[in-house]
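In: return atomic coordinates for the entry below.
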Amino acid sequence: MAKKELVLQGEPNEKQILFFLARAPHIAYGGAKGGGKSWAMRRKFVLLCSRYAGLRALLLRRTFPELEGNHIMPLRAELEGYAKYSVEKRMFTFPNKSILKLGYCDTEADVFQYQGQEYEVIGFEEATQFTEFQMKYIAACNRTPRTDFKPRVYYTCNPGGVGHDYIKRLFIDRRFQDGEEPDDYVFIPARVTDNTALMQADPQYIKNLKALPEHLRKGYLDGDWDIVDGQFFSEFQRSLHVVNPFPIPSEWRKFRAMDWGYNDPCCVLWFAVAPDRRVYVYREYYERQRLAKDVAKTIREMTLFEDISYTVASPDAWQQRGIGKVGMQGESIAETFLLNGVPLIPADNSRVIGWQRCHENLALAADGLPYVQIFSNCENLIRTLPLLTYGKISSNRHEDVSDTCEDHAPEAFRYGLMSRPSPAEIRPQNQAKILAFDPFAKPRDRAVPGGFFSI
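Out: Residues are numbered from 1 along each chain as shown. Sure, this is the predicted structure:
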């Protein structure tokens, strides 16, 4: 009996075509619900197994019920009479001897069933539901001795889940570690509006997404990776708050803010104030385990030929250091900075009021843009600001940031904005009068109500 010909139903949309054509070692597709991820993943694996004889492919979901519903059942219907399916092995064998193995990793220990195995193609469906350990361990099986095909790993994903930070680091933030090459990682974003077949078949689907709670709506409908349950700054949007760097005019007032750290990262942010009072965070220093004198030297070198009005710093920079005996105390961090050419001013450390000041600046002004915008080169501020979550109500920190967050750059952000008036205090009818009063005057040597300086 002749083998059934492979007939694949459906036409890919533009984003799915990009996914099919990508050949990087690591390819991620999705970012929002309804983008046609599962169909694209199945179709790509079937096409690869049909095209390359003897190919070994592994397609995974986190749990078996998800695997069965999303892939086993649709593939058995599609490949019936063409590829032989083994229920015991959960594996399709194609006429050209290629195999497509279907697997799952319900627990961390499930990864060890793949130890020593070799697959030219691996796919993590809903990758953010896998842990970083699971993805890294199984991806280590992605190798081959053949010369006609380069191994690759596919990831389809939505924001959220235990693997969110790992996928976001690689494909969204593009922060690479040793051994990770930027050109090896390609991300193809897709939203429900790209899936024309779904939009036509189920117009109600997009309405259901719009009705979700805010953090889920931003992730599942908008494909926003800067979401987290309990997000402190839910108003943060990269499309609004992050801008490409541009030359800062020399006449704009500039200042710095520092959150000191040694074992924890030390973060310094550079701020500039435009004539319309919009604030720009235009530079960032973020490093750990460096002596205060070396940090002072570095930020001085990073600010050559710029007139910096002042630098505010976390109050702990004024704590005395030394062995703790009377008369044996060493100089403070602030004194070390002063001796190395960077005088510091104590920041206003009112936490709840300070975070409220950040909310006010992240809000939209009358022109539809936020009062504060961040240059795209300030990677750590952009990365950590949207990841801040609320503290526990039981700890009386429900208006404060949780102490479990990486908050060094946001703390510097808070210190900087607390040295300025609240945008709510700026009334448009007074703007011309305020600007006429020498907005670029040199800073005074003491704090004034509403901020350290008048602008």
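In: report the mean confidence score over stretch 383-395.
Out: Averaged across stretch 383-395, pLDDT comes to 74.
In: also stretch 273-287?
Out: Averaging pLDDT along stretch 273-287 gives 96.
In: dump that stretch to PDB, restricted to CA.
Out: Only the C-alpha atoms of stretch 273-287 are listed here, as PDB (Å, rounded to 0.1, in the frame of the first residue of the first chain):
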ATOM      1  CA  VAL A 273      16.600  68.800  32.700                       C
ATOM      2  CA  ALA A 274      15.200  70.200  29.500                       C
ATOM      3  CA  PRO A 275      13.900  73.800  29.300                       C
ATOM      4  CA  ASP A 276      10.300  72.300  29.300                       C
ATOM      5  CA  ARG A 277      11.200  70.600  32.600                       C
ATOM      6  CA  ARG A 278      11.200  67.100  31.200                       C
ATOM      7  CA  VAL A 279      13.900  65.000  32.900                       C
ATOM      8  CA  TYR A 280      16.100  62.600  31.000                       C
ATOM      9  CA  VAL A 281      18.200  59.800  32.500                       C
ATOM     10  CA  TYR A 282      21.000  59.700  30.000                       C
ATOM     11  CA  ARG A 283      23.800  57.700  31.400                       C
ATOM     12  CA  GLU A 284      24.400  54.800  33.800                       C
ATOM     13  CA  TYR A 285      27.200  53.300  35.800                       C
ATOM     14  CA  TYR A 286      26.500  49.900  37.400                       C
ATOM     15  CA  GLU A 287      29.200  47.700  38.900                       C
END
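In: any weak-confidence spans in the chain?
Out: For the chain, applying pLDDT under 70 flags the ranges 1-4, 7, 32-35, 194-222, 228-229, 321-329, 392-398, 424-455.
In: just checking, what packs against the helix ranked longest in the chain?
Out: Looking across the chain with DSSP state H, the single longest helix is helix 37-51. On a contact count with 3 or more CB pairs under 8 Å, 6 or more residues apart in numbering; DSSP states H and E, helix 37-51 meets helix 14-21, strand 26-31, strand 56-61, helix 73-79, strand 99-104, strand 121-124, strand 152-157. Every residue, glycine included, has its C-beta placed from N, CA and C.
In: residues touching residue 89, list them.
Out: Residue 89 sits next to residue 101 when contact means CB atoms under 8 Å, 6 or more residues apart in numbering.
In: surely it forms part of a helix?
Out: No - secondary structure of residue 89, determined by DSSP: H, G, I helix; E, B strand; the rest coil: coil, with no helix assignment.
In: what residues does stretch 339-353 touch?
Out: Around stretch 339-353, the neighbours that count as contacts under CB under 8 Å, 6+ apart are 257-258, 292-293, 296-297, 299-300, 310-315, 317-318, 331, 334, 337-338, 354, 399-401, 414-415, 418-419, 447, 452.
In: again with stretch 124-137
Out: Stretch 124-137 has contacts (CB under 8 Å, 6+ apart) with 28, 37-38, 41, 59-62, 66, 70-71, 105, 108, 110-111, 114, 138, 153-167.
In: from the residues you listed, list the buried ones, please.
Out: Neighbour-count burial (16 or more other CB atoms under 10 Å) applied to the contacts of stretch 124-137 gives 28, 37-38, 41, 59-62, 66, 70-71, 105, 110-111, 114, 138, 153-161, 163-167.
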